[in-house]
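S.K.: no sequence on this one, just coordinates:
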Ligand code: SF4
């Protein structure tokens, strides 16, 4: 599913009215909104001049959503980018996401506004250690298949048989011919998949620091006080947290579920940016945040995005052989899902 945004041009006052609905209005003063408004105008002008599209991940800052042409999860955005006729993609997300956009759009210039926007999960595996582990495990399990979550570098994707997302991971594992699967790098997603397949899942020792720090006790405390809320949790959370969820969903799955559900109050168990998006897009419903901020996602600011478009920085480049092998793993996922 893609989220194409029909952007209305808001005045400064409308922008303030819109952003101050969030639970941290202290950050969105009228003065700040005036500055944001100026930056939005300039980004829109530069997007036209550069023939650029701006993609924003669900965890981005609310003011970044204002200039986004598409909002979604990383893979939706990368696929969306291949369907639009533009020269430049500005990826407001983290490094592996911009790489994925480049893998699928080699002829386009892909910009990441701030190179410090990394990812603890993607950093937990590199291509050399994966190649070593694969070799060792294939001596024990000759049929071993390697499935890498999209939250990995291009080099790791290139070492993998196929990629997966949090929403198609079970389906991908089930449709592979291999009985033994090395699943990298998220141990929590691996455990979630293992619960739903008879195949043997061998997990990598990695996790997303944002989701891994959310505890069962925190969720149980909210449920005790607010027993009527629907709990939506991301599969990167620990298994004992997922046990308390009404639905285990990807970020885009949560958006769809919350908008379509008859329920009106939700506890959103993932990064805080998604709760902000839901608060702004479904104002008639109530969203509680059992979430943490991702420091990497929040590296991307409107100012950095503006500078990125102004001087065309920071361009993502990949060795062509790595790009092609990574693309093969991604295309195999599309074919299987
Ligand atoms: S939320 Fe977790 S997986 Fe996503 S970018 Fe941040 S550290 Fe990486």
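M.R.: Great, that's in hand. Everything numeric here is computed off the predicted structure, so don't read it as measured data.
S.K.: need the outlier residue of this protein, farthest from its centre.
M.R.: In the chain, the residue that sits farthest from the middle, by Cα atoms, centre = their mean, is residue 139; the gap is 34.5 Å.
S.K.: quick one: residues contacting that one.
M.R.: By Cβ atoms under 8 Å, 6 or more residues apart in numbering, the contact list for residue 139 is empty. In short, each C-beta sits where N, CA and C put it, glycine included.
S.K.: okay but residue 268 is in contact with residue 286, surely?
M.R.: No: using Cβ atoms under 8 Å, residue 268 is not in contact with residue 286; the gap is 10.6 Å.
S.K.: which of those two has more residues huddled nearby?
M.R.: Ranked by neighbour count (other Cβ atoms under 10 Å), residue 268 and residue 286 place residue 268 first, with 28 against 15.
S.K.: what's the neighbour count on the residue in the stretch 51-200 of the chain that the ligand sits nearest to?
M.R.: Nearest residue of the stretch 51-200 of the chain to the ligand, counting by Cβ to the nearest ligand atom: residue 119, 3.2 Å away. Residue 119 sits with 22 neighbouring residues when counted by other Cβ under 10 Å.
S.K.: my read is that it contacts residue 95, right?
M.R.: Yes: with contact defined as Cβ under 8 Å, residue 119 counts as touching residue 95 (6.8 Å).
S.K.: what's the longest helix in the protein?
M.R.: When the chain is parsed with DSSP state H, its longest helix is helix 30-50.
S.K.: which SS class is the nearest residue to residue 10 once chain neighbours are set aside?
M.R.: Take residue 10 and drop its neighbours on the chain: the residue closest to it by Cβ to Cβ, 6 or more residues apart in numbering is residue 18, 6.3 Å away. With DSSP: H, G, I helix; E, B strand; the rest coil as the basis, residue 18 sits in helix.
S.K.: count of residues packed around residue 18?
M.R.: Number of residues near residue 18 (other Cβ under 10 Å) recorded here: 19.
S.K.: tell me the spacing between residue 175 and residue 208.
M.R.: 25 Å (Cβ to Cβ, to the nearest Å).
S.K.: who has more neighbours, those two?
M.R.: residue 208 (26 against 14).
S.K.: would you list the phi and psi of that one?
M.R.: phi -90, psi 120 (degrees, to the nearest 10).
S.K.: got it, and residue 92?
M.R.: Dihedral angles of residue 92 (phi, psi; degrees, to the nearest 10) stand at phi -90, psi 90.
S.K.: burial of it, as a residue count?
M.R.: As a measure of burial, residue 92 has 31 neighbours, counting by other Cβ under 10 Å.
S.K.: how confident was the prediction at it?
M.R.: Looking at residue 92, its pLDDT stands at 97.
S.K.: enumerate the residues of the protein near the ligand.
M.R.: Residues of the chain lying near the ligand by Cβ under 6 Å from any ligand atom: 94, 119, 120, 121, 151, 208, 209, 210, 271, 294, 296, 297.
S.K.: tell me which stretches of the protein form strands.
M.R.: Secondary structure of the chain (DSSP state E): strands located at 52-57, 70-72, 88-92, 109-111, 145-149, 162-164, 180-184, 200-203, 230-233, 247-248, 265-269, 286-289.
S.K.: who's in contact with residue 171?
M.R.: Neighbouring residues of residue 171 by Cβ under 8 Å, 6+ apart: 336, 337.
S.K.: please disregard the earlier target; I meant residue 315.
M.R.: 109, 110, 111.
S.K.: can you verify my assumption that the last one contacts residue 309?
M.R.: It stands for residue 111. Yes: counting by Cβ under 8 Å, residue 111 does reach residue 309; the two are 7.4 Å apart.
S.K.: burial of residue 107, as a residue count?
M.R.: Residue 107 - counted by other Cβ under 10 Å - has 6 other residues nearby.
S.K.: let's have the chain start at 2 instead
M.R.: New numbering, starting at 2: the last item is residue 108.
S.K.: and it, backbone torsions?
M.R.: Torsion angles at residue 108 (phi, psi; degrees, to the nearest 10) stand at phi -80, psi -10.
S.K.: so what are the domain limits for the chain?
M.R.: 13-119+298-312, 123-209, 215-290 (automatic domain parsing).
S.K.: and the residues of the chain next to the ligand, which of them are buried?
M.R.: 95, 120, 121, 122, 152, 209, 211, 272, 295, 297, 298 (16 or more other Cβ atoms under 10 Å).
S.K.: from residue 31, how far off is the first one?
M.R.: Taking Cβ to Cβ as the measure, residue 95 falls 31 Å from residue 31.
S.K.: about what we covered before: need the contact list for the residue of the stretch 52-201 of the chain closest to the ligand.
M.R.: Neighbours of residue 120 in contact, by Cβ under 8 Å, 6+ apart: 95, 96, 97, 152, 209, 297.
S.K.: once you drop chain neighbours, what's closest to it?
M.R.: For residue 120, ignoring the flanking residues on the chain, the nearest one in space by Cβ to Cβ, 6+ apart is residue 95 at 4.8 Å.
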